[in-house]
Structures are given as C-alpha cells and as structure tokens.
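>>> coords please:
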Amino acid sequence: MPIIWIGFIVVGLIGIICLIRSHFELHRLVVTEYEIASPKLEQIWDGYRIAVLGDLHNNEFGENNQTLLGAVKEAKPDIILVVGDLMVVKEWKEKDFSITDTILKGLSEIAPVYYANGNHELRMEQSPAQYPGWNEEFQQILKKYQIHYLIDQTVLLKREETAIALSGLNIGEEYYKFKGKKRPLAPHYIETKIGNPKKDQFHILMAHTPLYVEEYARWGADLVLAGHFHGGTIRLPILGGVMTPQMQFFSGLDRGLVKKGTTRMIVTGGLGTHSINIRLNNPPELVMVTLRSGNRKDRCQKGKRVKK
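Numbering: from 1, shown residues only. Purely as a prediction, here's the structure:
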C-alpha cells in the first residue's frame, strides 16, 4: 500500500477518535473554583459565593439538566449570574425555549438569578421580523421565574450596611459581526450605557464577550464575568484555545482568569456549542467564584468533574 494512503488512513482514524472524544466531552461537566480578593470588599463579603453560567446553547446534562442543576445547588451559591446564550438563535433553528425554561426554573429555586444578554438574546431582540415571537416568549420566562434581567443596568447587592455593584452590559450586535478582528468600541461606550463606577465600591461587570477586556479595565471594573468564546473550541497544551466563534485564533481570552491592572476577568469556557459542535480538551464548565476581603492572592482550582 502506498505511503500516502497509509497517511490518509492514519489521519482519518485520528479524526474519528477526536470526534468520538468530543461527543463524550460535550456532556462531561466540570466545576472550576476561583477566589477573587479585593481591599474594596469588607469582611462581611468574605466567602460570598457566585455561580457563573454561560453559553449553554440548549445543551443538557442529564434529564432536564438535573446534573447541572445539582452541581449548582451543591456549590451553595449566594447568587447566580448568567452571562448569556442559554439558547440557540439561528435561521436554521426552530424556536424552542423548553431547555431555557427548565434551567431558569431550577436555578431560581436555588438562589437569586441575574441575567445579562449574549449575542443570541440580542439577535432575537434586534431582529423581531426574522425571529417573530422569540423575544416575547423569552421575556415571559424571565418574568415567570423572577429573573433579574440586567440590560445596561446596575443594581446593588447588599449585606447589612454595605453593598457591591453589579452591572449587565449589552454590547451591540455590530461588535459581534466582525470576524477575525476587533472592532473598536465607540468613544465612552460603556460610560454612556451604564455610567461610571464608584472608585471605592467593588463592581462586578457581566459582559458577554471577553474581547474588550482592556476597555472594561479602563472603565474601572473590579471583576468582569464573560463567556462567548466557548473555551476556544479545541484546546492545545501550552497554546490554549484554538478558535473563537468570531474566528480569532489563539486569542488567550477564551477561558480562565485574565488580569489587566487591578481588573480581573473570568471567562467561562461555556456549557455548550452550536454551529461548530466540537469540544476537545475543553470540557463544559460551571464557574464558581468566592469573594475574599483584603489583599490576598487570587486562586484558581482546576476544574473538577461532576459525576452524573
């Protein structure tokens, strides 16, 4: 047999093995624990637990997502933050909010839930003719389960006489359409939408895309929670994530903790996929953040697999 045919066979077998592994990995949930410290946090906030979910894209972990919901409940969060894209909003996809309904119902029974848009929620909101009735049904689900929907809004989370700020930034769809490069934000973009943060108050910013971390840092966010990049789809040793949905290659912003000055950004690897239905060395991820008061080192614990 010619060597070239042997090469084709070997490559084909490797491809098949990778696809099989990806199929199983799509449902192998891990929980990644972070500790984020700040001198802005008073002692009463020490130990405050935040669950972060994003980019589920109608994926399921067990029947009715009971494995995922069980992992969230076991982590004992004080608050649950959804950083967008629970569903898939595409021309080729039929409207189906059954999984979104089930997961939000379950989350709302665990802790208060705050939700910020991803590009899929934004798409159905800004293109009602293309997706008739989609946004209306989604809004009904949010209302039914008393989900706090933060669209260019800031709320205060209070403990006794102290508070931290939480904002949801709704980045325009035009910033998601650029492939392979970054479209600069308009001048004073974040300030125009949600105002300026107080310098002495700890401020959490939910922003679906991590691409603008430098802008988030200049704005003054202490902690940014993002997703969108699906962990880079395929992760390679040392090099990290290969490709984002916006065709950035080896961005370094697709999963994990990113530091810019005093700003910390945690990017969840996400819980699902859509157009490119592949995950390799990139398990779906539930992120848990524990806040710490004072000047301590940030910590990250390697993702722990959740048993079904």
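
>>> before we move on, what SS does Arg123 have?
helix (DSSP: H, G, I helix; E, B strand; the rest coil).

>>> same question, Leu104
For Leu104, the assignment made with three-state DSSP gives helix.

>>> Contacts only, for the closest residue to it other than its chain neighbours.
Closest residue to Leu104 in three dimensions, ignoring its sequence neighbours and counting by Cβ to Cβ, 6 or more residues apart in numbering: Tyr145, at 5.0 Å. C-beta: built from backbone N, CA, C; applies to glycine. Tyr145 is in contact with 104-105, 107-108, 113, counting by Cβ atoms under 8 Å, 6 or more residues apart in numbering.

>>> could you redo the last one with a cut-off of 7 Å?
By Cβ atoms under 7 Å, 6 or more residues apart in numbering, the contact set of Tyr145 is 104-105, 108.

>>> any weak-confidence spans in the stretch 51-200 of the chain?
179-180 (pLDDT under 70).

>>> one more time with 90, if that's ok
For the stretch 51-200 of the chain, the stretches flagged by pLDDT under 90 are 62, 90-94, 126, 160-161, 172-184, 186-187.

>>> Not counting residues beside it along the chain, what's closest to Lys297?
Counting by Cβ to Cβ, 6+ apart, the residue nearest Lys297 is Ala37, at 7.1 Å.

>>> did I read that right, that neighbour in a helix?
No. Per three-state DSSP, Ala37 lies outside any helix segment and is strand.

>>> How many neighbouring residues does it have?
Look at Ala37: counted by other Cβ atoms under 10 Å, it has 18 neighbours.

>>> wait, isn't it in contact with Thr290?
No. Between Ala37 and Thr290 there is no contact under Cβ atoms under 7 Å: 9.5 Å.

>>> which residue ranges form the strands in the stretch 1-150 of the chain?
According to DSSP state E, counting those that start in this stretch, the stretch 1-150 of the chain carries its strands in the segments 30-38, 49-53, 79-82, 113-115, 148-149.

>>> next one: the stretch 201-308 of the chain
203-207, 223-226, 235-236, 240-241, 256-260, 263-267, 285-293, 299-305.

>>> Can you redo those as a markdown table, where the extra columns are mean neighbour count and distance to Leu157?
Converted to a markdown table, the strands of the stretch 201-308 of the chain look like this (neighbours: other Cβ atoms under 10 Å; distance: least, Cβ to Cβ, whole Å):
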| stretch | mean neighbour count | distance to Leu157 |
| --- | --- | --- |
| strand 203-207 | 25 | 8 |
| strand 223-226 | 26 | 12 |
| strand 235-236 | 16 | 33 |
| strand 240-241 | 22 | 31 |
| strand 256-260 | 16 | 22 |
| strand 263-267 | 24 | 17 |
| strand 285-293 | 22 | 10 |
| strand 299-305 | 13 | 22 |
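
>>> These: lowest mean pLDDT?
Across the strands of the stretch 201-308 of the chain, strand 240-241 has the smallest mean pLDDT, namely a mean of 74.

>>> Run through who's touching that strand.
With contact meaning Cβ under 7 Å, 6+ apart, strand 240-241 is reached by 229, 231-233, 235, 250-252, 254-255.

>>> Keep only those of those residues that are in helices.
Using DSSP state H, no member of those falls within helices.

>>> which one of the residues you listed has the most neighbours?
Most surrounded of these: other Cβ under 10 Å gives Asp254, at 29 neighbours.

>>> ok, now which ones touch that residue?
When contacts are counted by Cβ under 7 Å, 6+ apart, Asp254 touches 229, 231-232, 240-241, 244, 267.

>>> What is the burial count for the residue lying closest to Thr233 once chain neighbours are set aside?
Spatial nearest neighbour of Thr233, chain neighbours left out: Met243 (5.1 Å); criterion: Cβ to Cβ, 6+ apart. Using other Cβ under 10 Å, the number of residues around Met243 comes to 18.

>>> Tell me the span between the first and last residue of stretch 122-139.
With Cα to Cα, to the nearest Å as the measure, stretch 122-139 spans 12 Å from end to end.

>>> right, I mislabeled it, should have said stretch 207-222
One end of stretch 207-222 to the other measures 13 Å (Cα to Cα).

>>> and that stretch, which residues are buried?
207-213, 216-217, 219-222 (16 or more other Cβ atoms under 10 Å).

>>> Going by distance to His274, which of those wins?
His208 (14.3 Å; Cβ to Cβ).

>>> Could you measure from Glu33 over to Arg292?
12 Å (Cβ to Cβ, to the nearest Å).

>>> what does Leu29 give?
For Leu29 relative to Arg292 (Cβ to Cβ), the value is 25 Å.

>>> Likewise for Gly168?
Noted for Gly168: a distance of 24 Å to Arg292, by Cβ to Cβ.

>>> How about His274?
35 Å.

>>> and what of Ile36?
Distance, Ile36 to Arg292, using Cβ to Cβ: 7 Å.
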